[in-house]
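Asker: Sequence below, structure please.
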Amino acid sequence: MVYKQLTVLFSFCFLFLSCSQQVTTRKDFALGTFCTITIFEKGQIGVCDEVFSRIREIEKLMSFNISSSDVSRINAAAGIEPVFVREDTFKVIERAIFFAELSGGAFDPTVGPIVSLWGISSKPRVPSKEEINDALPLINWRNIELDARLKSVYLKQSGMAIDLGGIAKGYAADEAVKIIKSHKINSAKIDLGGNIFMIGMRTDRKLWKVGIQNPDGRRGSIIGYLRITEKTVVSSGVYERNFEENGMFYHHLLSVKDGYPVNNGIVSVTIIADNSMDADALSTSIFVSGYENGISILKNYGKAQAVFVFHDNSVIVTGGFDFLLTDKRYSMATMKE
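Answerer: Take a look at the predicted model:
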């Protein structure tokens, strides 16, 4: 699975905790990135263990790179036969198809053949035009056949490949939230390599502050921050995974129309929503679609907001939340209708 591996967002919580306040933090490598769970009240290491167990269960089901995963079994049987999968996998693929339709195909879970050609997360290279042309006909979310009764998935054409890297980590974040809340914990932070979910409020009853990564690539540098509570914040940007070859810059956000990295003036899109799986898919859908089409997707979805950062250092926010721009090299622009 190709995940958004580098930290999309730099989350910082100005917490003023008393000596008696228990804080439990666990950091581990999963989903192709470092994941951190922090519990600010009633924290117990057993809760963190339960969360990481669930995260690893999801990874084993949906990884593009684990041969025994549901996703790998689906891909190996492309054009041959349906594959029975776990409820989790079916649910995520079903939601991925929803966003493929919502985005007019800009988000497409069958992007696997093109992602493999570029190899940005492993051995990056620029594929030949012939390779890309051969792979493009294999990308078509409409050729995924689901059977809800049997929980089976079938790729109709040989050579097709599902990649859930743009949505599965968000699903894992949502599952982590369920576990933490089931233990009656009211203040916690989930950071799955940049897919952030802030549960409740800070222990001083103030809103959380979540910084938006500076697209110039400097790790830990932010352009500003959001004040939120009980929200997820997920970004897609050109700085996440990229490489240079012969003086040309290439990033991992690929167009399913021509098979090359998207170049539409956007350098990052940050989604603020209630559901991390949806925010994960929305951030990719909107980035790939471009600003005008992205705004349309956002309006049709109806339950999320966004921060756009452009190549010219302008920033547009869609409203509905508190955002403070702190980097003077960037400037706020008026939202275009």
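
Asker: which residues of the stretch 201-337 of the chain score low on pLDDT?
Answerer: 217-220, 239, 242-245, 249-251, 337 (pLDDT under 70).

Asker: one more time with 50, if that's ok
Answerer: Low-confidence regions of the stretch 201-337 of the chain, defined here as pLDDT under 50, do not occur.

Asker: Please enumerate the helices of it.
Answerer: Counting by DSSP state H, counting those that start in this stretch, the stretch 201-337 of the chain has helices at residues 276-289, 291-301.

Asker: Does Ile196 belong to a helix, a strand or coil?
Answerer: What DSSP: H, G, I helix; E, B strand; the rest coil gives for Ile196 is strand.

Asker: The nearest residue to it once chain neighbours are set aside bridge partners, please.
Answerer: Using Cβ to Cβ, 6 or more residues apart in numbering and skipping the chain neighbours, the partner closest in space to Ile196 is Val233 (4.8 Å). No exception for glycine: its C-beta is placed from N, CA and C like everyone else's. Residues in a beta bridge with Val233, per DSSP bridges, are Ile196, Ile272.

Asker: Quick check: which of the helices of the stretch 201-337 of the chain is buried the most?
Answerer: The highest mean neighbour count among these, using mean count of other Cβ atoms under 10 Å, belongs to helix 276-289: a mean of 28.

Asker: Please save the CA atoms from it in CSV.
Answerer: Taking C-alpha atoms only, helix 276-289 is exported to CSV below (Å, rounded to 0.1, in the frame of the first residue of the first chain):
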residue,chain,number,x,y,z
SER,A,276,-10.7,10.7,8.9
MET,A,277,-11.4,8.1,6.2
ASP,A,278,-13.4,10.6,4.2
ALA,A,279,-10.9,13.4,4.8
ASP,A,280,-8.1,11.2,3.6
ALA,A,281,-9.9,10.5,0.3
LEU,A,282,-11.1,14.1,-0.1
SER,A,283,-7.6,15.6,0.3
THR,A,284,-6.4,13.5,-2.7
SER,A,285,-9.6,13.9,-4.7
ILE,A,286,-9.5,17.7,-4.4
PHE,A,287,-5.8,18.1,-5.0
VAL,A,288,-5.9,16.0,-8.1
SER,A,289,-9.1,17.7,-9.4
